Every structure is written in C-alpha cells, then in structure tokens.
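[1] Model the following, please.
(chains A, B, C, D, E and F)
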Number of protein chains: 6
Amino acid sequence: MRPSRRAPDQMRPVSLERGVARYAEGSCLVKFGETHVLVAATLEDKMPMWLKGQGRGWITAEYGMLPRATHERTRREASTGRPSGRTQEIQRLVGRALRAVVDLPLMGERQITIDCDVLQADGGTRTAAITGAWVALHDCFNWMKARSMISRIPLKDHVAAVSCGIHDGVPVLDLDYLEDSNAHTDANFVLTGAGGIVEIQGTAEKEPFSEAELLALMALARTGIGELVALQKQAVA
Amino acid sequence: MRPSRRAPDQMRPVSLERGVARYAEGSCLVKFGETHVLVAATLEDKMPMWLKGQGRGWITAEYGMLPRATHERTRREASTGRPSGRTQEIQRLVGRALRAVVDLPLMGERQITIDCDVLQADGGTRTAAITGAWVALHDCFNWMKARSMISRIPLKDHVAAVSCGIHDGVPVLDLDYLEDSNAHTDANFVLTGAGGIVEIQGTAEKEPFSEAELLALMALARTGIGELVALQKQAVA
Amino acid sequence: MRPSRRAPDQMRPVSLERGVARYAEGSCLVKFGETHVLVAATLEDKMPMWLKGQGRGWITAEYGMLPRATHERTRREASTGRPSGRTQEIQRLVGRALRAVVDLPLMGERQITIDCDVLQADGGTRTAAITGAWVALHDCFNWMKARSMISRIPLKDHVAAVSCGIHDGVPVLDLDYLEDSNAHTDANFVLTGAGGIVEIQGTAEKEPFSEAELLALMALARTGIGELVALQKQAVA
Amino acid sequence: MRPSRRAPDQMRPVSLERGVARYAEGSCLVKFGETHVLVAATLEDKMPMWLKGQGRGWITAEYGMLPRATHERTRREASTGRPSGRTQEIQRLVGRALRAVVDLPLMGERQITIDCDVLQADGGTRTAAITGAWVALHDCFNWMKARSMISRIPLKDHVAAVSCGIHDGVPVLDLDYLEDSNAHTDANFVLTGAGGIVEIQGTAEKEPFSEAELLALMALARTGIGELVALQKQAVA
Amino acid sequence: MRPSRRAPDQMRPVSLERGVARYAEGSCLVKFGETHVLVAATLEDKMPMWLKGQGRGWITAEYGMLPRATHERTRREASTGRPSGRTQEIQRLVGRALRAVVDLPLMGERQITIDCDVLQADGGTRTAAITGAWVALHDCFNWMKARSMISRIPLKDHVAAVSCGIHDGVPVLDLDYLEDSNAHTDANFVLTGAGGIVEIQGTAEKEPFSEAELLALMALARTGIGELVALQKQAVA
Amino acid sequence: MRPSRRAPDQMRPVSLERGVARYAEGSCLVKFGETHVLVAATLEDKMPMWLKGQGRGWITAEYGMLPRATHERTRREASTGRPSGRTQEIQRLVGRALRAVVDLPLMGERQITIDCDVLQADGGTRTAAITGAWVALHDCFNWMKARSMISRIPLKDHVAAVSCGIHDGVPVLDLDYLEDSNAHTDANFVLTGAGGIVEIQGTAEKEPFSEAELLALMALARTGIGELVALQKQAVA
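    The predicted structure is shown next:
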C-alpha cells in the first residue's frame, strides 16, 4: 500500500484554475494534491541578446518557492545570493518543455517569461509547474491574439508532466513528498498530448533499475499525462 | 474624488484568512483590496548569535514579492543576487513593529521568522503585511501554548498598520497603487490596539508638508487601524 | 540629567567646514559633537537610465562608514560584498531629503552624487550627513554657476535634520550614541528652512509612544533645525 | 552519414590514463576523441554537516572547463561569480552516478571529492567525466586500502556513461559537438557494468521522440557502455 | 623639471599626526603632500583559524578609498560587491611590510587589523599607508603595554615606504599622481630603519629599465625613507 | 644543499610544447619541473570600453588553478564566488609583462586574452606562465599574420620570468614549492631577451634582505632567463 493510500496508477486530485494573477497576461494556479504552484506568464518585447534578429520568439521560465512552502522552512534564495543548482535545473527543464510545443517563429520576436512559484510543496512541484504553465501560456497567447499580435495560437500540442517511481517494488504514479523520499527510483516524464516524449529523467536513488521497470513507469506516466491533458482541455475550453 | 472612488476615510475591503499555509506554525492571507500578502510564521530553536543566553526570544521578518505581483514584471531577487534596499527596509520595519507588542522574555530563547510574500501588489504591501503578521504570530503562539512551550500568549497588545497620504490636497486613508503614485505626501503608521505609536514614517514626495497635515493623516490612520484591530479580533476569536 | 550633561533642548557643538575635499565640486566636513561626516558632491553628466530625456536632473546619495569609526570595529562593506540594509536605508533617506529642496528641472540633465562617509560615529550620523550635504550641494551648484552651466542656484530652501528621543521620560534633542542606545523612542526629523516637514521617522524601541510625545519631539527638532539652518547660512555666506 | 564518418554504433577512440595528477589520491585523464577531461579524486576527513554521525561516507563532484576548451572562449566562472546552471546540473549528475555504485558505509565517515576539469571539449564532456571518474575513484580506494583505511574496495559495480542521439533520422552513438548541435534528440545514459540503469536523461531538442526511438538509443548506449566498462577493467588491471 | 617643481631627491611635505581616531587603539593621519591616509589599528582577541594555537600574533591590513578621494569619482567597493585586485594587492603588501618588523610571538595570540582609508589621493597611497601604519601600530602596542598585555613594544625596527620613478629620463623620489602617470618606470620600496629591504616592486610601464636605473631609484628611496623614519621617531617620541 | 639537490644556479628541466589547445589561436604547455601550466591565447575583436578608438590593441591575462593541482585540494574559485587576491595579482602581473614587449598599435584594435591554467603546481607558477605565454602569444600573432591581419609579428623582444630566493643563506635559482616555503627571501624577475627589467618583485619573508643579496638574486635570474629565452627561440623556430 502507498503511504497516500492511492492505487498505484492513481493521480492525486488535480485542479487548474485560470486567471489567478490579476496583472499577468496568462496565469494558472495548479494543484496536484497538496502541491500548489502559481504560474504567471509575462509577455515582453525584449529578447535575449543572442536571439535577436532571428525572426522567432522565446519562452523562458523561472522557479521559486516560498520559504515556508515546505515542512521545514527553506532559506530564501534572495538571501543566499544565488538560485540553487536545483532551482536552475528546474527552470531549464520547464523552459525546454514548453518550447517543445510552441511554434517559435509564429510568436514573433517576443519573449514570454513563465514564473512558477511554489506556494505549497508536497512533491512533484516541477511536474505540476509544467502542467500549469501550459495553461498560463495558452492564455497569454489568447491575450496576444485578442490584440491581433498573432493570428492564431502558436501551440503545436499540449505538454504535461508527471513523476513516477518504484515504491516498495511497485511502480506508482504521481509521487507525493513522502513517497518520493522513499522511492528507489524516481523518474519525471514530460509528454505531449499526442504522446511524444519531450523529456525523460530517470534516477536510481539507491539501486540501479531495469529497462522493464523504466517501461512500466512510462506506461503509468502515459495514463497520468492523459488525464492531465484532458484537464488542460477543460480548463481552456 | 479619489481614483478609487472611496471616501477619504474609507479603507479598501480587508480580509484576514487564517491557517492558509499547511506547514507553518501560524499563517494568514491578508487582503487590502487587490493587495494580497501571504504571511507565514516559523518557530525555530536557533537564535541569532548575538542574542544567545539573554533569556529572551526574537521575532524577525522577511519580505518578498512574486515577480508578477506587479503591473510590470519585477526581476526576481534570487537572480539579482541580493535583496533590494526597499526589501530590507520593509523587513526591518515588520520585525520592529511586531517586537513592540511581544513579551520577548516570555517566549523563551526561540526565534519566530515571519515570511511576508506578496502574491499581488496594489499599494500598501508593508501595512497589509504587518496587519496580517499579527494574526500569524498569534496563531504561532497558540501552537506553542497547545504544546505547553509557553503558559500564555506573549502578546501585550494588537499591532496594525495603514498608509495615508495627501491626494489632490485632501488627506486620504489606505492608498492604493495609483493613489500612492500621485500623492504629494505618503505616511505609514503602525499603531497598537491601545492607540500607542509604534512607528511613523512620513515622506514628502514633492512638497514639504505641515504639522497640521501630519496630524490629519494620523487621525485618519487611527480610524483605519481601529477597523483593522477589530478584524484581527474577529479573525482569532 | 542626560548622560551628555546637555540641557534637553541643547544640540552638541556643530561645525560645517566647506571645501575639504580637494577634487570634489562641493564638500563639507560636518561635526555634531564627536560625530564627524565627510560629505563630497560629484557632478556627472551620466543619468540613471530611467530618467533620461525627462529634462530634469537627479540627486543621489551614498553612505559609508570607516571600519573604525565606531567603538567596536565594523566589518568593511567591500568585504561583506553588499551594503547593509541600514546603509541602503540611509542612502535613500539622504537622497530624498535633498531632492525635496532642489529644483530638478533647473539643474538640467545632470546627476549629482553625494558621498557621505562617516569618519567618526557617536550617534546621529544620518542627520549630520543631511545637514552637511546641503552645504556640499550648495557649493557644487556654485561651481556649476561659475561655469555658466546653470543661471542660478536651483535650491528652493534649506534642509537639515536632527534626531530626538525620550530619555528617562524626558524629550531630548540631538541624541548621541549613549543616549540613543538608552532612549525609549527615537525619531529623526528632516525639515526645510521654512519649517516644512520633508521626512519624519519615529520608532518606539520598547514601549509605544503617544501623539503628545511625538509633538514634543517635533518641537525640539524645530529648535535644533533652526540652529542648523543658521549655521548653514553662515557656512555658505 | 554522420559528420564524424563513424558508423551509427561506433564510439570515438576512447582512452583512460591513470595516475596523471601527481598529488591526487586517484586520477584519470579520459579522452572520448577530442573531448579530454582530467579527473582527480581527493580524500578528505571532513564531511558535509548534514551527514555527520551517520556511519557512512560521501562522494561529491565538481566540474569545470578551461576557458579555451571550446571553439569560442568561455568566460571563466571565477569571474562570473557563480557556477552556471549547466555546471551545477553536471556536478549533481556525476556525484549521483558514482554514489549509485559505492558501498557508502564501507567507506567510513570520509568524503571523496571528484574534480572533473575539461581540458578540451568536443561534446560528451559529462559522459566522459563519469567514465573517467570511476577509474579515479577506484584508484583512490586502492590508495586507502594500501593504507589499511578500508579492508576492500567499496565498489559494487562499474559505472560508465555515453550520449546518444537521433541524427538525420538515424540513432547514433557517442555524439561529438557537431552531431550534438544538429541532433533532434539527445539522451545521456549512465549504466552499471551489469547493465542496470543509474540515470537516463532524454531531451527532445525540436520534435518529441517516440518510445521506440528511446529504446533504440538505449540499445546503442548498452553497446557503447559495454566497451567503456571493458576499457575501465583494462585500465585498473 | 618635475611637474611638481621639486628637486629629483625631494620628498613632498610629510606629516604624521597621531591619535586621530577616537576609538582606535592606535591611529595616524599621514600626509605625503596632497595624499592623505587615515590609519587605524584595532586590537582583537580573535585570530584567523589557521593561526590558532601557534603561540604568536598576527597583523593584517585592509585598504579603502573614499569615492571622491580621486579626481574622477571612483565607484564604492561596497557597491561593486568585491574589493578590486588593486585593493587586495595593497592590503597584502601593507600586512607583509608590517609583519616583517614585528616580533609576532611577543604579541601573544592576538590580531591587530590596520585599516588604511585614503581620504585624498595624489599618488603614493600605499607608501603613505605603510609609513603611517607603523605609527598607528606603535601606539596600539603602547596601549597594550599600558594595560600590561605585553611587557615591551614588540617592534624590531621601523618600516617605511616610498615610490620612485624615472621621469623624463631622470630618477625622481616620491611620485605624485601626475608624475606617476607619466613615469616610464615605477618602483615601490619598503625598507627598515636599518636599511634592510622588506619589499621591492619595480615595474616598467612602457620600456624595460636597467639594473643601473634600479640602483639609482633605490638610492633615492634610501634618502626618502631615512627622512620618513626620522619623522616616525619624532611622532612617537 | 638545496632540497631539490640542484646546484644553486640550476634551473629545473624546462619544456615548452606548442599547439596543445586545439581551438586556441596560440597555446603552450610549459613545464618547470613538476609545475605544469597550460597557456592559451584567444584573439577577440571586442576591446575593453576604455581603450576603444585609440588605435592600439590590448593583451590581458587570466589565471586559474585546477583544484587538485596542489598537495592539498584548493577550493574552486567558481564556488568561492570571486578570484582571490593572489589570483588577481598574478593576472595583472602576466598582462603587464607581456604588454611590455608588444607593439600594441601594430596589433590593431584587437584584444588577446591569455589564459594560464595550472594543471600541476610545484612553485613558480607565475614565472612559468609568463614564459609559456610568450610562446602562445607568438603563435597567436603567427595565426594573425597567416590571415593577413597583421603584416609582421608585433613582438619587440622576448620576455621570460623566474623566481629566485635565499635558501639557508645561499642564493638559489628557480624555487620549487618546498624551497619557496623555506626561503627567507623570494623574488620574481621578469626580464626581456635583451636583459631589460620588466618587473621585479622581492619580498622578505622573515628577515629583511640587503642590496647585495638582491643583486646576487638578479644575477641568478639573468642566467635562468637566458636559458628560458633560448628555449623560447627553439620552440618557435
């Protein structure tokens, strides 16, 4: 039995609430159970220097966590003076995941910054962030379309993410913090609506895992991401 | 007429929601109109070095703002590498305001850190933070009392804060962002439930102001803080 | 009796010595008793980015303290890697105070940086800094006028500052370090020559204070600032 | 045809030279074609604070690149003031990979730091680093055994790594820089000698990839890592 | 003719004023013409970690410059976030120079920090700093002796410094800023009262210089340092 | 007898290997015995801001050390967040030494950055770096000449460097780490092929040294540098 008493292939209750940030061009409060992430999309005309004049846009992401989003208070990164390695790893992951489903030339030479701020953390903050970011990005594109900045939404597909792991020998879907701490293997999957793989990151925490186990985790991920994409569709309908 | 169409002595709608941060020992989501601040209190045994062995506790505060809490996106302080001068000024103010109403020896040698994170900003974030922080702190003390760490709540009084300013020649209460940008004088008042002054900060933005104007602003502040203290009482009742 | 054996409304001996920094466009060594601050004004053509093209000038201030200006040696801020919150708070205060009496459009698109470096500290360094900065700024404007960069001195009034506090129940003027450490209330006043309030910052160190006490402190401040403005007039005569 | 004119399943020439760092407890200069990484293992008694008293050792890794290891000179990280996100990501990966095959309790409460410094970069620096690090670590354990600090080498298995990608629709093994820049999918595999998966990181650079493609890449990786493990065996024989 | 109209072997007017920093255990305001450096010695019980338990003391130095000590304003190092290479080079030089004449074991396990703050700079700030630091250090030792912390002054000799250079083909003593900017060779000499060499740093700015020229500069330096040591003797008499 | 069993005027075995960095415009692996420094020259069109439009080029140098180049592991400067004072001192020295023999106007408005990375350290890393840097710089100029960017090699002379010291009362040439740690005096000499002095830095580690000792050290340096220049000639022949 999982600590969360969920079935192995059962997601936590997920919700995607749009329009939660009054000033952002797009936003979404995403909840995977007790993990709550506020995602805000900001449209800007300025581009990173190395991308100027190439006739395409850019999506970048930043990630933060409120100090008391966690069981123990985490030190504020503004005080430590630099984003941690973990923070930077997540920021790069979220940016890559979104860019994989965006038609960048169609955006024009504009940059959208996706801020993912974790209000409460119970495992899976990066997968929740990606899932909610797609909704915020979609709404940001809607905002642009309403102002005739683009003729159509430059999204090629949905993208969503979930973590899976092997808990007590059993592959399980959507790890919460307690499960994640005890899992022998932890893998994050980022898939498109069509089922294409955008990113896969599997790590053996203690013992190496087998290809069969990896495939079992991926099968679970497909189930979960199917549900997440359905919820994204509802959210933006 | 104020841009907000409020009467000169009219506060924005204020709410104080307790228990919003699952892991914190005390928390409060405070709203002054469209200004929303999430306050979380964290109890720790560790003390600042310079306070050890003095037989009293300490309250400190940290302040942050989500990048898209504002009309224009603000750069994340974890990226700039240091809290801004404004951030530090607010952190020191919130800490001082709370310590003024706490019986520090009664707390024992413990430190409570008050995290004030602005989810949405429309002026008056520091005054909202102080007002909500009192509730979070109260609940943190409750948590300690329930565990027999203290015999009674070491709060000597309420403390709350509001900003006032002179807009188009008229003293007005509780400035929102637009009013604050146009005010000729801007003053923050931190008062106790009994009406004692804990902190007063008045600044002439363009033209110096007179003692009479200062007293008019203080009278408005007394009205507003009276309402805030009444709401704090309801919240912790 | 005050520790300094001064009467409650008695300032420390104050002196304002002009022209002390050989290379600066204006400078002043200001002494409030044993508090000595060297103020230097630097004229520069470069403007902060956000002010360009607005047809007005800017005054900014920086503040530092020699490591052994204090009883105990203070760590050099160049070593700690960042100006402290206190330093930034003072820098912002000095800049605001001066800008309140300057006709910024008359200056043209130029920036003056006011460096306030504390050679010796015995309380009241920020108030001494503001008082001396007015003299340094005046001389910097004189320098500009002599070179026909401006047609007249763009100062609308004098500005000076003093701290007051309640010591052993008695309101007293111009706190030195020992008095400041023991005061129950500490307030800084920045007033113009005409008596207008530019800034007021009052803080209850332990017990809240009353409106009557605030007014008593302000009355003392008016006395002290009257004397300081008279000294400024002598200095630049 | 690959730009490197290698067969799809052909590694670059690989060499593992031991004992290249005169002062290190273990070292290896690893070459994957024109990618050259100098790995040095340092044994220290000090442990990270959070691991003390747990009766087991720790392996950590650091990664750097000489500024002119690359086609264009890269800015020195000592000058930028912080390791980049990419650097930190690699450091964490190398540390995790090695810990997966080390019997940490058998090491005793000691820390080994693995420094991976890229002398020349032509793609695959992280996979070369992991492969060479196993040899340096092995020699460091030998050094400890020779001094009776441990009774046997606390390595449970080999670990090695290789990157694979899809180039012009064809899955290819061991990408060099040019191939990596043009690949549509890029995946790093870290496997043990027994074929267990320690880490898998697959990223779609432009188009999502399929499960079949992932499995094809993994099959290639197994081939390559088989060769690398054989070379490790020769190296430490 | 030198720009300063001094004879080639003529120092600028030099003065050494003791006791200028009210709170320091020893201090000296040293002037080499228009170069003014305030030196303060601070005695502390804490030692650098790597020196503890070795039964000897330590002398360290820090160096700073007021932003407007120079013709053009220099950016404050607290703002740039780190001491410049030049600052660190001077700090190390001043510390080494003083330690060369101190009987460190006789000091006991204590550290003296020498703060050298340049109030006004016209060339030769490091040589003035060393010369004045000897006086401040002497007075700090006097302070310790008066409190029976040491039985006698642990100074083995005087130490002083001067810069020389080749200006328009002529070796000249004690370069001011203008001469320094135009000199083809610039050398700093740190000598003891007995004429021993503690440090010599000679740099060809444009053309290499000859051994004969070096010896001519050293002869000038001996003259100048003889005068400086005589002034140190007067100062502490 | 020296610890290294070398004669007092005997250099360590020296080698200069060109073309070791595949991508650099010029490079040299220089070995002074067990001290190994990899020098790479990078040509760039960008110039430092303050040099633009002056019709001459610039040579700058950076210096680093692999963490385990030393007996004890040294902390990576990318982690400490800033280059140490020692690093900056060496960087400035190497840059000055090279610029002394380069015809900067002949280079055109281009900058060459010389990266000196210590792979293994056994004393004299800065002198080895300068000696090898001349070769790397020469090859970089060759690279430019081959592309008709310059008409002839803009080197006015050779430049090389060596350290000397007084060990057990005897002046000795080319100190290794052990000798350097025990020397009473340590001096670095940078000379041109024609014997001109570019830089001399002599430091008394414990006791001051005499002019006679300085001249003895310089005589040794001339011998050593004569050999180094001969090797440079062979290397680029």
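
[2] Now look at stretch A:178-189 and say if it contacts chain B.
    No - using CB under 8 Å from any CB of the partner chain, stretch A:178-189 stays clear of chain B, with a minimum separation of 13.2 Å. From N, CA and C alone the C-beta is placed, and that goes for glycine too.

[3] hey, where'd the strands end up in chain A?
    A:14-18, A:26-32, A:35-44, A:58-65, A:111-120, A:159-167, A:170-173, A:185-192, A:197-204 (DSSP state E).

[4] Taking their axis directions, the last one and strand A:185-192 sit at what angle?
    What it means is strand A:197-204. Here strand A:197-204 runs at an angle of 180 degrees relative to strand A:185-192 (axes from the mean of the first three to the mean of the last three CA atoms, to 10 degrees).

[5] Run the chain-centre distance for the helix or strand of chain A with the lowest mean pLDDT.
    Within chain A, judged by mean pLDDT, DSSP states H and E, the helix or strand with the poorest mean is helix A:77-80; its value is a mean of 72. From the chain centre to the centre of helix A:77-80 is a distance of 23 Å (CA atoms, centre = their mean, to the nearest Å).

[6] Same check on stretch A:114-132?
    Distance of stretch A:114-132 from the chain centroid (CA atoms, centre = their mean) equals 6 Å.

[7] next one: stretch A:37-55
    18 Å.

[8] With stretch A:99-116 instead?
    Relative to the centre of its chain, stretch A:99-116 is centred 15 Å away, using CA atoms, centre = their mean.

[9] Kindly check the end-to-end length of it for me.
    By CA to CA, to the nearest Å, the extent of stretch A:99-116 from end to end equals 16 Å.

[10] Get me the contact residues on chain A for chain D.
    Within chain A, the positions adjacent to chain D are A:82-85, A:88-89, A:91-92, A:96, A:100, A:157, A:187, A:191-192, A:194, A:196-204, A:206-211, A:214-215, A:218 by CB under 8 Å from any CB.

[11] Around A:Met1, count how many other residues there are.
    If you count neighbours by other CB atoms under 10 Å in any protein chain shown, A:Met1 ends up with 10.

[12] Could you do A:Glu211 as well?
    As a burial measure, A:Glu211 scores 15 neighbours (other CB under 10 Å).

[13] Would you mind stating the distance between the residue lying farthest from the centre of chain A and A:Leu106?
    Residue farthest from the centre of chain A, counting by CA atoms, centre = their mean, is A:Gly53 at 29.1 Å. Computed as CB to CB, to the nearest Å, the A:Gly53 to A:Leu106 distance reads 17 Å.

[14] Give me every residue in contact with stretch A:216-223, excluding its own residues.
    Stretch A:216-223 is contacted by residues A:8-9, A:162, A:164-166, A:171-173, A:185, A:187, A:189, A:191, A:195, A:200, A:202, D:211 when judged by CB atoms under 8 Å, 6 or more residues apart in numbering or on different chains.

[15] among the residues you listed, which ones are buried?
    Among the contacts of stretch A:216-223, those that count as buried by neighbour count (16 or more other CB atoms under 10 Å in any protein chain shown) are A:162, A:164-166, A:171-173, A:185, A:187, A:189, A:191, A:200, A:202.

[16] of all the residues you listed, which two lie farthest apart?
    The most widely separated members of the buried ones among the contacts of stretch A:216-223 are A:Ile166 and A:Leu191, with 19.3 Å between them, by CB to CB.

[17] In space, what's closest to A:Gly224 - neighbours in sequence excluded?
    Spatially, and ignoring its direct neighbours in sequence, A:Gly224 is nearest to A:Val162 (4.1 Å; CB to CB, 6 or more residues apart in numbering or on different chains).

[18] wait, the one you found sits on A:Gly123?
    No - with contact defined as CB atoms under 8 Å, A:Val162 and A:Gly123 do not form a contacting pair (11.1 Å).

[19] I'd like to know how many residues surround A:Arg222.
    The number of residues packed around A:Arg222, counting by other CB under 10 Å, is 15.

[20] Check it and give its pLDDT.
    The model reports A:Arg222 with a pLDDT of 98.

[21] any low-confidence regions in chain A?
    For chain A, the stretches flagged by pLDDT under 70 are A:81.

[22] That one against chain B: which residues are in contact?
    Proximity of chain A to chain B (CB under 8 Å from any CB) is limited to residues A:21-24, A:27, A:34, A:38, A:40, A:42, A:44, A:62, A:64, A:66-71, A:73, A:76-83, A:87, A:113, A:115, A:117, A:119-120.

[23] could you flag which of those residues are buried?
    Burial by neighbour count, 16+ other CB under 10 Å: within those this picks out A:21-24, A:27, A:38, A:40, A:42, A:62, A:64, A:66-70, A:73, A:76-78, A:81-83, A:87, A:113, A:115, A:117, A:119-120.

[24] Residue nearest the middle of chain A, spatially speaking?
    Relative to the mean C-alpha position of chain A, the nearest C-alpha, by CA atoms, centre = their mean, is the one of A:Ile130, at 1.4 Å.

[25] Do I have it right that A:Arg76 meets B:Gly64?
    Yes - A:Arg76 is within contact range of B:Gly64, at 6.4 Å (criterion: CB under 8 Å).

[26] and for those two, which residues touch both?
    With contacts taken as CB under 8 Å, 6+ apart, A:Arg76 and B:Gly64 have B:Asp115 as neighbours in common.

[27] before we move on, back to that, which strand residues bridge the closest residue to the residue nearest to the centre of chain A other than its chain neighbours?
    Nearest non-adjacent residue to A:Ile130, counting by CB to CB, 6+ apart: A:Ala161, 4.1 Å away. Assessed by DSSP bridges, A:Ala161 has beta-bridge partners A:Val190.

[28] Could you report the neighbour count for A:Ala161?
    Counted by other CB under 10 Å, the residues lying close to A:Ala161 total 27.

[29] Quick check: end-to-end length of stretch A:177-192?
    End to end - CA to CA - stretch A:177-192 spans 25 Å.

[30] just stretch A:41-53 next, same as before
    With CA to CA as the measure, stretch A:41-53 spans 23 Å from end to end.

[31] now do stretch A:103-114
    End to end - CA to CA - stretch A:103-114 spans 16 Å.

[32] Please apply the same query to stretch A:101-109.
    With CA to CA as the measure, stretch A:101-109 spans 17 Å from end to end.

[33] Can you list the buried residues in it?
    Burial within stretch A:101-109, assessed by neighbour count using 16+ other CB under 10 Å, is assigned to A:101-102, A:104, A:106-107, A:109.

[34] I'd like the residues you listed laid out as CSV, including distance to C:Val14.
    Below are the buried residues of stretch A:101-109 laid out as CSV (distance: CB to CB, whole Å):
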residue, distance to C:Val14
A:Val101, 69
A:Val102, 65
A:Leu104, 65
A:Leu106, 68
A:Met107, 63
A:Glu109, 59
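
[35] Looking at those residues, spot the one nearest chain D.
    Closest approach to chain D among the buried residues of stretch A:101-109 (CB to the nearest CB): A:Val101, at 8.2 Å.

[36] Am I right that that closest one is in contact with A:Lys156?
    Yes - between A:Val101 and A:Lys156 there is a contact under CB under 8 Å: 5.1 Å.

[37] quick one on the thing from earlier: distance of the residue farthest from the centre of chain A from E:Asp174?
    As judged by CB to CB, A:Gly53 and E:Asp174 stand 56 Å apart.
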